[in-house]
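>>> Here is my input, please return the structure:
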Amino acid sequence: MRSLSCAGVCVALIACGDDGGSGGESGSTSPASSTSETVSSGGTGGGGAAPVCGTAEGELPSGLETITWDDGVVETNLRNENFQINVDGDDILLNEEPIHEAVRFDLEHPARVHGFSIHWGAIPEGSVPTTELEAGLYGDFGHNGFDFWAPEPLWSGTRCVEHADADGWTTYVFDTPVEIDQPGLVYVAHLGAPGSAVFDFDGSVIGEGNCAAWDDCHSALNLPESHTSTYYNGVSFPFQYDYLVRLHVEYTDSLAPEERLFQPRDFMPASRVSFGDYDNDGWDDILTDGPKLWRNQGDGTFVDATATSGITALGIAATGGVFGDYDNDGCVDMFLYAEAYSLPDVLLHSLCDGTFEDVTAAAQIVDNQTYEDCNMPGVNTRSPTAAAAWIDIDSDGLLDLYLANFICWEKGTSYTDGVWHNLGDGTFEDWTAQNGFLPTEKLAGRGASPIDSDLDGDVDLFVNDYRLHRNLFYENIGGGLVQEVAQNIGVAGEVTQGYYGHTIGGAWGDLDNDGDFDLISANLAHPRFFDFSDKTEVLIQDAGTFTDVQGDWAIPESLTGLRYQETHSVPVLADFDADGNLDLVITAVYPGRPTDFYWGNGDATFVLDAYHAGITTEDGWGVAASDIDHDGDLDLFARQPFVNEIAGGHWLQVRAVGNVVSNRMAIGATVFVTTGGTTRMRHVQGGTGQGNQDSQYLHFGLADATSVDQIRVVYPGGGEVTYDGPFDADQRVWVYEDGTTALGWVAPN
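Residues are numbered from 1 along each chain as shown. Below is the predicted model:
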């Protein structure tokens with residue numbers, strides 16, 4: 001008896017490993033009829049009548065491109081083999097189960113699919129020539145490379161046994177081609193009962209034959225009736241041999257790489273990114289994992305300044321970091337966090353000459369704990385910090401720190417998040433589990449995103465958690481006190497039998513332009529747990545409470561226009577075309593997983609446009625936005641810089657500066673820009689999901705407006721300052737807490 005690797009389907013429900021082990025489900029035990037309606041993945045099906053023998057007969061037009069993975073040589077098929085898999089300790093014989101066989105095809109451009117060809121095997125003995133062989137074209141389900149959306153085929157039809165050509169191929173021709181307007185994955189699949197005909201497959205494999213890499217396997221199996229419960233929706237996994245199935249397509253668009261809206265810049269790939277102007281020259285610099293500090297050379301290109309800034313000599317290892325001026329001397333400091341069990345977090349103080357010193361010990365920030373050794377006593381004494389954020393908790397004008405601490409993967413245990421209160425003399429005191437921060441509960445922290453959500457001048461805090469744990473929201477009630485209210489206000493996640501989601505990142509912004517902050521909460525959700533897991537949420541605020549407007553996810557596309565991706569990771573909200581509406585980018589972790597780009601409509605709905613955007617990042621993680629080249633539009637960093645080449649509208653950049661009672665960088669401030677009766681709002685980040693940070697130079701798209709009537713800032717601490725215009729568009733404005741303003745790319749002396 002031969003056994004197949006079951007990939008991620010062997011993992012336990014709660015144990016999602018080190019972000020690995022993706023799996024899926026089919027959701028249906030029989031293909032749907034063909035349809036002429038537009039479906040969620042961008043396809044339209046032809047036909048209308050229920051499939052009968054011969055509905056897919058016809059001639060393919062000339063000039064099509066045929067996509068194929070197989071080597072053209074039939075080795076065998078499932079019926080000739082006695083394959084079994086093991087799922088959660090249960091042995092399953094594949095020949096005794098209803099089973100979908102599928103082949104994934106990667107469409108590089110928008111396309112028109114005209115048909116497919118299949119080499120059928122194991123046709124039951126005694127079948128008459130008119131025996132139907134049904135197959136269909138299906139949309140993607142989560143972009144894991146082996147799950148498709150079975151309930152609604154883009155097209156389905158039949159050929160007869162007698163239709164195979166002399167070489168054994170049977171070609172299915174669509175009466176109406178299927179239009180795929182967003183490139184990505186489509187599948188040719190069929191559902192077979194035990195003993196029915198199946199696809200032939202070849203005998204060659206890629207790599208070691210265990211489907212370890214994204215491009216190693218293109219075939220898949222799905223058992224729709226196996227392991228169905230509150231949690232499981234069937235079992236899916238990749239298959240290491242290539243089925244003899246081929247897709248016939250006509251590409252309908254062919255953008256060259258240089259024609260995409262965002263152009264990549266060469267850069268050392270990075271998984272965490274923060275923007276900040278550490279040398280105060282008016283140009284955003286970049287801090288990435290390592291740590292690596294990259295100085296902007298004044299033209300949107302970067303040079304490695306890790307050594308010249310003194311960081312290399314300190315011998316520091318860090319997962320990422322965030323910029324903040326904790327001593328209000330006008331020079332930007334950095335906090336570096338380490339998602340590691342034996343490495344410390346580090347506070348770097350700027351010497352105001354482009355170099356830094358390690359002041360962690362002097363600041364009395366201690367990253368030690370005694371409750372979890374993660375299987376290495378005496379060695380693993382640190383808390384693995386997945387993210388950090390600067391926040392003025394007590395509104396005293398001094399930046400405090402919140403540390404989102406993660407888990408011990410080996411044991412599945414979590415750590416307590418850290419809170420450090422700035423005393424103003426260069427030292428910090430430990431507020432962990434005090435002042436309203438959870439005293440006993442340990443959760444798998446993955447991100448921290450401060451925000452003044454109620455616009456009262458006291459900065460609140462959203463903490464996103466992983467491992468099916470609930471998210472947290474600390475409402476700032478003044479006096480250095482907070483209260484945890486996530487469930488009360490609707491941002492904890494959706495609970496199912498006591499479990500929540502895997503929230504990796506969050507992003508704040510006014511999605512519907514109604515004058516308050518809304519929230520994107522990005523979740524990893526495996527297809528096999530689709531009905532159980534939290535998917536990415538679009539949480540719209542109404543007077544302090546939040547409602548997810550994504551809908552019930554009855555199909556793998558939400559009511560807001562977001563498509564389901566299994567491994568959504570970190571979102572960023574920014575107005576990339578300067579039309580006044582926030583657009584959305586969401587990275588997706590794991591090899592082969594694309595970054596989604598959406599245009600915002602200004603009403604909390606979105607339009608997917610990953611193809612034209614050209615953000616080619618796969619296996620993305622941290623992401624952040626900044627105008628790195630001073631051309632007035634926002635660029636993006638997602639593993640590498642992408643320069644915005646969109647011919648957008650007018651714009652204004654605002655840099656808020658605290659010089660009365662607020663912190664110097666105005667972290668936590670909310671800025672409003674009004675033009676022609678329309679007001680837009682942004683906030684100054686102290687950090688966001690997964691320890692990233694957008695630019696502190698806030699960008700406002702003005703569309704056709706050429707001037708701004710008013711700028712208003714709610715500074716952390718409760719002070720509100722109004723700056724009356726007009727201010728000309730297409731420039732940077734510096735606004736100070738004392739009511740003064742200045743113009744120019746660089747701050748006045």
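
>>> Identify the residues contacting the nearest residue to Val249 once chain neighbours are set aside.
Distances taken as C-beta to C-beta, 6 or more residues apart in numbering place Ala111 nearest to Val249, at 4.6 Å, with adjacent residues excluded. C-betas here are computed from N, CA, C, even on glycine. Ala111 makes contact with 179-180, 183, 249-252, according to C-beta atoms under 8 Å, 6 or more residues apart in numbering.

>>> 7 Å instead?
180, 249-252 (C-beta atoms under 7 Å, 6 or more residues apart in numbering).

>>> Please identify which of these is nearest to Gly63.
Nearest to Gly63 among the contacts of Ala111: Glu250, at 7.3 Å, using C-beta to C-beta.

>>> The closest one in helix, strand or coil?
Taken by DSSP: H, G, I helix; E, B strand; the rest coil, the conformation at Glu250 corresponds to strand.

>>> What pLDDT is listed against the residue nearest to it when sequence neighbours are not counted?
Counting by C-beta to C-beta, 6+ apart, Glu250 lies nearest to Arg112, which is 4.5 Å off, once chain neighbours are set aside. pLDDT for Arg112: 98.

>>> Quick check: Arg112 touching Thr252?
Yes. Using C-beta atoms under 7 Å, Arg112 is in contact with Thr252, at 5.5 Å.

>>> In terms of neighbours, single out the busier of those two.
Arg112 (19 against 13; other C-beta atoms under 10 Å).

>>> Beta-bridge partners for the more buried one, please?
Glu179, Glu250 (DSSP bridges).

>>> related to what we said a few turns ago, ok, now how distant is the residue nearest to Val249 from Trp69?
Per C-beta to C-beta, to the nearest Å, Ala111 is found 17 Å from Trp69.

>>> now swap in Gly614 and tell me
Gly614 is 26 Å from Trp69, where distance means C-beta to C-beta.

>>> Looking at the contacts of Ala111, spot the one nearest Val684.
Using C-beta to C-beta, Ile180 comes nearest to Val684 of these, at 41.2 Å.

>>> For the closest one, which non-adjacent residue is closest in space?
Spatial nearest neighbour of Ile180, excluding adjacent residues (C-beta to C-beta, 6+ apart): Ala111 at 4.8 Å.

>>> and stretch 503-519, what's its mean pLDDT?
Stretch 503-519 comes out at a mean pLDDT of 98.

>>> right, I mislabeled it, should have said stretch 244-255
In this model, stretch 244-255 carries a mean pLDDT of 97.

>>> okay, how far is it across it, tip to tip?
In stretch 244-255, first residue to last residue: 30 Å (C-alpha to C-alpha, to the nearest Å).

>>> Next: stretch 56-74.
Stretch 56-74 has an end-to-end distance of 24 Å (C-alpha to C-alpha).

>>> State the mean pLDDT of that stretch.
The pLDDT scores in stretch 56-74 average 97.

>>> what residues does it touch?
Applying C-beta under 7 Å, 6+ apart, the contact partners of stretch 56-74 are 103, 105, 114-115, 119, 157-159, 163, 171-173, 200, 202, 204, 218, 242-244, 246-251.

>>> how far does it sit from the chain's center?
Relative to its chain's centre, stretch 56-74 lies at 35 Å (C-alpha atoms, centre = their mean, to the nearest Å).

>>> Next: stretch 198-207.
Put simply, stretch 198-207 sits 33 Å off its chain's centre (C-alpha atoms, centre = their mean).

>>> Let's see it as PDB, backbone CA atoms only.
Output of stretch 198-207 as PDB, limited to C-alpha atoms (Å, rounded to 0.1, in the frame of the first residue of the first chain):
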ATOM      1  CA  VAL A 198     -10.100   9.400 -13.200                       C
ATOM      2  CA  PHE A 199      -7.400  11.600 -14.700                       C
ATOM      3  CA  ASP A 200      -4.200   9.800 -15.800                       C
ATOM      4  CA  PHE A 201      -1.000  11.200 -14.300                       C
ATOM      5  CA  ASP A 202       2.700  11.100 -15.300                       C
ATOM      6  CA  GLY A 203       5.500   9.600 -13.300                       C
ATOM      7  CA  SER A 204       7.800  12.500 -12.900                       C
ATOM      8  CA  VAL A 205       8.100  14.800  -9.900                       C
ATOM      9  CA  ILE A 206       9.700  18.200  -9.200                       C
ATOM     10  CA  GLY A 207      12.200  18.500  -6.300                       C
END
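
>>> Quick one: mean pLDDT for it?
Stretch 198-207 comes out at a mean pLDDT of 96.

>>> Using the record's domain definitions, break this structure down for me.
According to the TED database, the chain comprises the domains 65-251, 257-657.

>>> now the helices: where do they sit in the protein?
360-363, 486-489, 610-613 (DSSP state H).

>>> Tell me where the stretch 301-450 of the chain has strands.
Ranges of strands in the stretch 301-450 of the chain, per DSSP state E, counting those that start in this stretch, are 302-304, 320-324, 333-337, 346-350, 356-358, 385-391, 400-405, 407-408, 413-414, 418-422, 428-430, 444-451.
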